[in-house]
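**Q** can't give you the sequence, but here's the structure:
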């Protein structure tokens, strides 16, 4: 037995290991939450075209349900979700997944509304450039 054979995993050849190494890494999974159906459709489609796996939901309750079952890598949420808010959703999400990346999108321009998110939660003011969001997502993945 050569030293090369001794370190090869059983049943794998150098060419099969190279094929495994060449597989693309899975893209992060995103949960996109907004009560604006137009934004969900367009931003969701854009993110899917760039290779992300995206689940879209319109309500806080559905978002909480999906956070528990889907376990995304990234949560992108609107600040205003009808009868709930994105800060509370971010808090709930990070309570269960402390390392979850969270991004807030909002049309609200008042800094006092942005304060509850705390450090480490970027805010994109609508309308925003989806390419800018994409660059941010690529920087954290």
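**A** Right, received. Where do you want to start? What you are looking at is a predicted structure, and each value in this text was computed from that prediction instead of being measured.
**Q** rest of the way, CA atoms for contacts and neighbours
**A** OK.
**Q** quick one: low-confidence parts of this structure?
**A** Applying pLDDT under 70 to the chain flags the ranges 1-25, 109-119.
**Q** helices or strands up against the top helix by length along it?
**A** Longest helix in the chain by number of residues (criterion: DSSP state H): helix 37-49. Packing partners of helix 37-49 (3 or more C-alpha pairs under 8 Å, 6 or more residues apart in numbering; DSSP states H and E): strand 29-33, strand 53-57, helix 130-140.
**Q** Run through who's touching the last one.
**A** So the one you mean is helix 130-140. By C-alpha atoms under 8 Å, 6 or more residues apart in numbering, the residues outside helix 130-140 that reach it are 43, 46-47, 124.
**Q** one more time with 10 Å
**A** With C-alpha atoms under 10 Å, 6 or more residues apart in numbering as the test, helix 130-140 has contacts from 28, 42-43, 46-47, 50, 74, 101, 103, 105, 122-124.
**Q** hmm, which of those residues are the buried ones?
**A** By neighbour count, with 16 or more other C-alpha atoms under 10 Å, these hold 43, 46-47, 74, 101, 103, 105, 122-124 as buried.
**Q** so can I have CSV of those showing distance to residue 137?
**A** Shown next, in CSV, are the buried ones among the contacts of helix 130-140 (distance: C-alpha to C-alpha, whole Å):
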residue, distance to residue 137
43, 13
46, 13
47, 10
74, 9
101, 9
103, 9
105, 13
122, 11
123, 13
124, 12
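**Q** Those in strands, which ones?
**A** Residues of these located in strands (DSSP state E): 74, 101, 103, 105, 123-124.
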